[in-house]
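1. following is a predicted model, sequence given first.
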Amino acid sequence: MAPGDTLPPLRIPITRTLIVSGAIASRDYQDVHHDAEAARAKGSPDIFMNILTTNGLVGRYLTDHFGPGTVLRKVAIRLGAPNYPGDTMELTGTVTEVDGAVVRVRVAGANRLGHHVTGTVTLTVPVTGGSAAP
């Protein structure tokens, strides 16, 4: 693993169930994450994903790639275009720095409207054979 290495993309279908269950799991009961009428009354065409669900999906993307022993140390993300039901978000990542077991990855997640999430994640990856995996 070296700076410039890219992670394989992960395509995630954005369903109503994913949006609502993510909001419930993160105790975000804002109506725009579960009530389509309320979301429309507030100017949105439909319910949309909350940042905590996005944060969890970014973490899943990285731990799926680097392995279950991976520890997320710092997640610095910014939201852009909303994720609505029926969208597909494609997560991509590029390694920007490797310092022993500490790895920094630039992450982006895009849907039909553009970038939903961008940011940098610092993680500690398991060390195998004297170098960080994979």
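-> Structure's in. What do you need? In this text the structure is predicted, and so the values were computed from the model without any measurement.
2. spatially nearest residue to V95, not counting backbone neighbours?
-> D5 (4.4 Å; C-beta to C-beta, 6 or more residues apart in numbering). For the C-beta atoms, the positions are set from N, CA and C on the backbone; glycine is no exception.
3. neighbours around that neighbour, how many?
-> Other residues lying near D5 total 14 when counted by other C-beta atoms under 10 Å.
4. now V121: how far from H65?
-> Plainly put, V121 is 11 Å away from H65 if you go by C-beta to C-beta, to the nearest Å.
5. if I look at the spatially most central residue of the chain, how far off is A41?
-> By C-alpha atoms, centre = their mean, the chain has its centre lying nearest to V58, at 2.4 Å. Here the criterion is C-beta to C-beta. By it, V58 lies 30 Å from A41.
6. now swap in D99 and tell me
-> Applying C-beta to C-beta to D99 and A41 gives a distance of 49 Å.
7. if we can go back for a sec, which helix or strand contains the residue nearest to the centre of the chain?
-> Using DSSP states H and E, V58 sits within helix 51-66.
8. same for the next helix or strand after that helix, what does it pack against?
-> Next along the chain after helix 51-66, taking DSSP H and E as the criterion, comes strand 71-79. Applying 3 or more C-beta pairs under 8 Å, 6 or more residues apart in numbering; DSSP states H and E, we find strand 71-79 packed against helix 51-66, strand 114-124.
9. select, out of the ones you listed, the one closest to I19.
-> Taking C-beta to C-beta as the criterion, I19 comes closest to helix 51-66 out of the helices and strands packed on strand 71-79, the separation being 7.0 Å.
10. starting at the chain centroid, how far to that closest one?
-> 4 Å (C-alpha atoms, centre = their mean, to the nearest Å).
11. which parts of it are buried?
-> Of the residues in helix 51-66, those buried by neighbour count under the rule 16 or more other C-beta atoms under 10 Å are 53-55, 57-59, 61-63, 65-66.
12. could I get the residues you listed as JSON lines with distance to A76?
-> Rendered in JSON lines, the data for these read as follows (distance: C-beta to C-beta, whole Å):
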{"residue": "T53", "distance to A76": "17"}
{"residue": "T54", "distance to A76": "13"}
{"residue": "N55", "distance to A76": "10"}
{"residue": "L57", "distance to A76": "15"}
{"residue": "V58", "distance to A76": "10"}
{"residue": "G59", "distance to A76": "13"}
{"residue": "Y61", "distance to A76": "15"}
{"residue": "L62", "distance to A76": "13"}
{"residue": "T63", "distance to A76": "17"}
{"residue": "H65", "distance to A76": "18"}
{"residue": "F66", "distance to A76": "18"}
